[in-house]
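Engineer: Would you be able to build a 3D model of this:
(2 chains)
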Amino acid sequence: MNELPDPVQYAVPAFVILVLLEMLVARRVDPSRYEPKDTLTSLLLGTGSTIAGALTGSAVIGLSVWLYQFRLFDIGYVWWAWILVFLLDDLAYYVFHRMAHRVRWFWASHVIHHSSQHYNLSTALRQTWTGFFSLSFAFSLPIVLIGFPVEMLIFASGVNLVYQFWIHTEAIDRMPRWFETVFNTPSHHRVHHATNPRYLDRNYAGMLIIWDRMFGTFEVERRDDQPRYGIIKNLGSFNLLWAAFHEWIGIAKDVATVPGIRNKLGYIFRPPGWSHDGSRDTSDTIKARWRESGAEPNDGEISASVPAKAGTQGG
Amino acid sequence: MSLVALIGSLVAVFALAAIAWLLGMGRTPRIADTAQAERLARDAHSGFVPTDAAVSRDGKTALVAGRDGDFVALREHGANIAARVFRHAPDMRRDDAILTVATGERLFGDLRLDLGEADAARWQGVLAGRHGGGADE
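Structural biologist: Down below sits the predicted model:
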């Protein structure tokens, strides 16, 4: 295999500096954008994710290299392959990410990233510990089977991950129109992290927002519906282990207590919030109730300013 | 990942959290009044129609009753408010002016509402009158 640099490794010092800078900006604009315990939880989850990745990364690479022998084409390191691999990796990310929100098994791993009620650069680093266990790496394997070199794919995935760091901020309102049309941006990704019914299960993009536009999952950030961040049932705790494993524990409890194999499989593979007796909310039921309540404003105006926090901050 | 890199990462993590604390980030939220509690409850529970709300005198917690017999419990969490939705009236107990609402979650904790004797007694009656099993989501 060719030796390519690990983009994430090189980006880490910049991550630290940018978190610090964002914190200083937030202090002037809105000190509630950061919360020390939340920041510590997010960053420790990020550190744990790095450790988990280091422990399991070689297994994923080994599997990829093994699969590469069954490739359909010998593509190699030609110039156009670089463009294609970035596009395909980003498409694979979109598919993975969509599944991660629609299938509880993958959500159990991905929920860590959404479990902060803050939206800042430290949230970007709040990453899963159980990605390997949930088999989320499987979504990239078809790219190896097509014939793109494993090292090339790993590099593209690394760049994708680094790209997604800067979009986790409220400090940037909107990018130029052409950029917002093609790329994932802070505005698009604020929508993705929001729990407002309108925004649930929208904007799954990694680097390119074009996939959401193509597959009907795009939603624009609106001035009249400012994002509220977190998950439907916010943790209400800064416990690190609970943040990392709560949904897995929830699955285990549900599977252990519900009767019938069909119900048990439902609690694993149906959308987050699904229940055999309809006693819980999925994003679909939440959206449906929201539409029925007539809360949907008519005017779809694009956010023109940095979203203000809900009026819950005080002395 | 080398041990040096891990130690370096942990140093950076704790340094950033310490800086956030030193900068005074993350002001504790307060629920100002029943109107705010009702708005927060609507945000937390799609389609929720609040009919009554109790806000603790310290502004740290609130309980909102809904038209359909559902309830939303609110409490501060860091610089935000976290909520729990109950399809039926939750279990509770009253000690004079303090109403304690059981969430059934150890890490979320129970909700302690300092309402004053009269309001606490009234809400005890509201909850007792609408109690129906306490299933929550």
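
Engineer: Secondary structure element for residue 42, which one?
Structural biologist: Went with chain A since none was named. helix A:36-68 (DSSP states H and E).

Engineer: wait, I meant chain B there
Structural biologist: Counting by DSSP H and E, B:Arg42 is part of helix B:34-44.

Engineer: Who are the packing partners of that helix?
Structural biologist: In terms of contacts (3 or more C-beta pairs under 8 Å, 6 or more residues apart in numbering or on different chains; DSSP states H and E), helix B:34-44 is packed against strand B:50-55, strand B:61-66, strand B:71-77, strand B:80-86. Just so you know, the C-beta spots here come from the backbone N, C-alpha and C atoms, and that holds for glycine as well.

Engineer: For chain A, find the nearest of those strands.
Structural biologist: strand B:80-86 (3.7 Å; C-beta to the nearest C-beta).

Engineer: sorry, back to before: with mean neighbour count added, can I get the helices and strands packed on helix B:34-44 in CSV?
Structural biologist: Output for those, formatted as CSV (neighbours: other C-beta atoms under 10 Å in any protein chain shown):
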stretch, mean neighbour count
strand B:50-55, 20
strand B:61-66, 26
strand B:71-77, 24
strand B:80-86, 24
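
Engineer: Quick check: longest helix in chain B by residues?
Structural biologist: Criterion DSSP state H: the longest helix present in chain B is helix B:3-22.

Engineer: all helices in the stretch 101-250 of chain A, in order from the N-terminus.
Structural biologist: Secondary structure of the stretch 101-250 of chain A (DSSP state H, counting those that start in this stretch): helices at A:104-114, A:121-124, A:141-146, A:150-163, A:177-182, A:186-193, A:210-215, A:240-257.

Engineer: looking at these, which is closest to chain B?
Structural biologist: helix A:240-257 (5.5 Å).

Engineer: Give me the distance between that closest one and the centre of its chain.
Structural biologist: In this view, helix A:240-257 has its centroid 19 Å away from the chain centroid, taken as C-alpha atoms, centre = their mean, to the nearest Å.

Engineer: how far off helix A:186-193 does the helix or strand encompassing A:Ile83 point, in degrees?
Structural biologist: Element membership for A:Ile83, per DSSP H and E: helix A:79-102. Counting by axes from the mean of the first three to the mean of the last three C-alpha atoms, to 10 degrees, helix A:79-102 points 40 degrees away from the direction of helix A:186-193.

Engineer: Helix A:79-102: which residues count as buried?
Structural biologist: Neighbour-count burial for helix A:79-102, counted by 16 or more other C-beta atoms under 10 Å in any protein chain shown, picks out A:81, A:84-86, A:88-94, A:96-102.

Engineer: Rounded mean pLDDT for it, please.
Structural biologist: Summarised as a single mean, pLDDT over helix A:79-102 is 98.

Engineer: Repeat that for stretch B:73-92.
Structural biologist: 95.

Engineer: How about stretch A:218-234?
Structural biologist: Average pLDDT, stretch A:218-234: 96.

Engineer: Tell me where the model's unsure across chain A.
Structural biologist: Within chain A, the stretches with pLDDT under 70 are A:1-2, A:295-315.

Engineer: returning to what we had before: tabulate the helices and strands packed on helix B:34-44 in a markdown table, adding columns for distance to chain A.
Structural biologist: As requested, the helices and strands packed on helix B:34-44 are exported to a markdown table (distance: least, C-beta to the nearest C-beta, whole Å):
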| stretch | distance to chain A |
| --- | --- |
| strand B:50-55 | 12 |
| strand B:61-66 | 11 |
| strand B:71-77 | 5 |
| strand B:80-86 | 4 |
